[in-house]
Structure formats: structure tokens, C-alpha cells
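**Q** Next come a sequence and a model predicted from it.
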Amino acid sequence: MADPRRRARALALTLVGAGASLLAVGQPWSVQQGVDPAGVAVQESWTGQDLAPGVAALVLLVVVTSVVGLVWRGTAGLLARSAAVVTALVATVMVLGVRPDAPTAWWWIALGGAVLAGLGAVLALRPRAGGARGHGATTGPEVLADPVPAPADPHERARRSQDAAWSALSAGEDPTLGPRPAPGPGAGTMSDEGQVDPSGR
């Protein structure tokens, strides 16, 4: 998923969830029927602001930190998005902590909104898709390393040079000269006296 699309989706979830919670906070979360001492039926209700006055402030903080986290880059943006996740979790726990015995639909809306805002904050916290490629980096064929790198130790280099010299001497070649050309098909062989035998014996 492209990074702008993911950010837009995360922000949309956060805003929708926060808006639902803020709307539900001002509505009755609990309604109870009763009778006063005079025998008159009365009805009592408690809104979300009465039961959990801090939920509205937490939900607003989730929105602010989410927007800041999506706008800022680097460590500051990561910290802001992390704060949004934590704040949304605290708001959800607070709504659950004041659950009435017979909650109204508004309590459920407030709970669902807090959870939805938290999901948006978690989605914004995920790392960007594509990694370094999102910044214009291109991938190409890897450069193969030298299969036999030259040794850094001078003693090791000297030892290898001596081995190559002894191998050249064993083959009858002068190690101080370059490689000898391969003999042709008509070349002769050296006799015991060091003369070239044309017969190729």
C-alpha cells in the first residue's frame, strides 16, 4: 500500500472515531427510572461528561498527536504517533471503567469511537511500505566482491610470492620473467645436451 494512501486511511479512521466519541460524550450513558418519596416517578440520567469527564480531552489529544505525527518526520513524528496510540488506549480503558449497569447506545458509540481512533493511530504507527525505496532509492545488481582478496598481512603476501616462485622453478620457468608462451604443435623438445631436437622426441 502506498504511503500517502495509508496515512490518509489512518487519519480518516482517527477522525471518524474521535468524532463519534466526542458526540457521544455529551449524550446520556445511563438512564434509571425511580420513584421519589412522594410516589412520583422520576428519571435520572448521566452523560458521558458526568461519568468520565476526561474522555473528551483524551480523544482530542489523540487527534492532535495523530495529525502531528503524520506531518512530522523522523523521531519526532514517531513519538507523536506513539503518544496517539497510548492516549487512545487510555481513553478506551476509561470508557470501559465507567460502564453503567444498563448502558445506553451512546456509551457503546463512545467505546466504538475510542477503539476506532486507536486503530487509526496504530495504522499510522506502522513503518512505511517500501523502506528506502520510498525515498527514491533504486535497486540494482549487486557488485560481486573479489573472490580471492589480496591479503593485508605483508608476511602472507611474501609467503604466497615464494610459493609462486617455487612453483615456477619446479616447472622449469624463470620466476622473474612473465609467463612463457605455450609451445606450438611443431615445437621440439630439449635434449640432454640442451639442444633442440627437431624430431620432437
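**A** Cool, got the structure. Numbers count the residues shown, from 1 in each chain.

**Q** From now on I want contacts and neighbour counts done on CA atoms only, so please keep to that.
**A** Noted.

**Q** ranges for the helices of this structure?
**A** Counting by DSSP state H, the segments of the chain that form helices are 3-25, 48-51, 55-71, 74-97, 105-125, 154-170.

**Q** need those helices in TSV with distance to Val31, mean pLDDT and mean neighbour count, can you?
**A** Below are those laid out as TSV (distance: least, C-alpha to C-alpha, whole Å; pLDDT from 0 to 100; neighbours: other C-alpha atoms under 10 Å):
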stretch	distance to Val31	mean pLDDT	mean neighbour count
helix 3-25	14	89	20
helix 48-51	12	89	19
helix 55-71	19	91	21
helix 74-97	16	92	20
helix 105-125	11	92	24
helix 154-170	89	64	13
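
**Q** need these in CSV with distance to Val42, can you?
**A** Shown next, in CSV, are the helices of the chain (distance: least, C-alpha to C-alpha, whole Å):
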stretch, distance to Val42
helix 3-25, 23
helix 48-51, 19
helix 55-71, 28
helix 74-97, 26
helix 105-125, 21
helix 154-170, 99
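
**Q** quick one, what contacts Ala102?
**A** By C-alpha atoms under 8 Å, 6 or more residues apart in numbering, the contact list for Ala102 reads 30-31.

**Q** I meant to write Leu79 there.
**A** Gly69.

**Q** And it, how far from Ala121?
**A** 12 Å (C-alpha to C-alpha, to the nearest Å).

**Q** which residues are common contacts for these two?
**A** Counting by C-alpha under 8 Å, 6+ apart, no residue touches both Leu79 and Ala121.

**Q** which residues touch stretch 61-70?
**A** Stretch 61-70 is contacted from outside by 7, 11, 14-15, 18, 76-81, 83-85, 87-88, 117, 121, 124, using C-alpha under 8 Å, 6+ apart.

**Q** at 6 Å what do you get?
**A** Residues from elsewhere that reach stretch 61-70 (C-alpha atoms under 6 Å, 6 or more residues apart in numbering): 77, 80-81, 84, 87-88.

**Q** want to throw those into TSV with distance to Gln32?
**A** Below are the contacts of stretch 61-70 laid out as TSV (distance: C-alpha to C-alpha, whole Å):
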residue	distance to Gln32
Gly77	45
Ala80	41
Arg81	40
Ala84	35
Thr87	31
Ala88	29
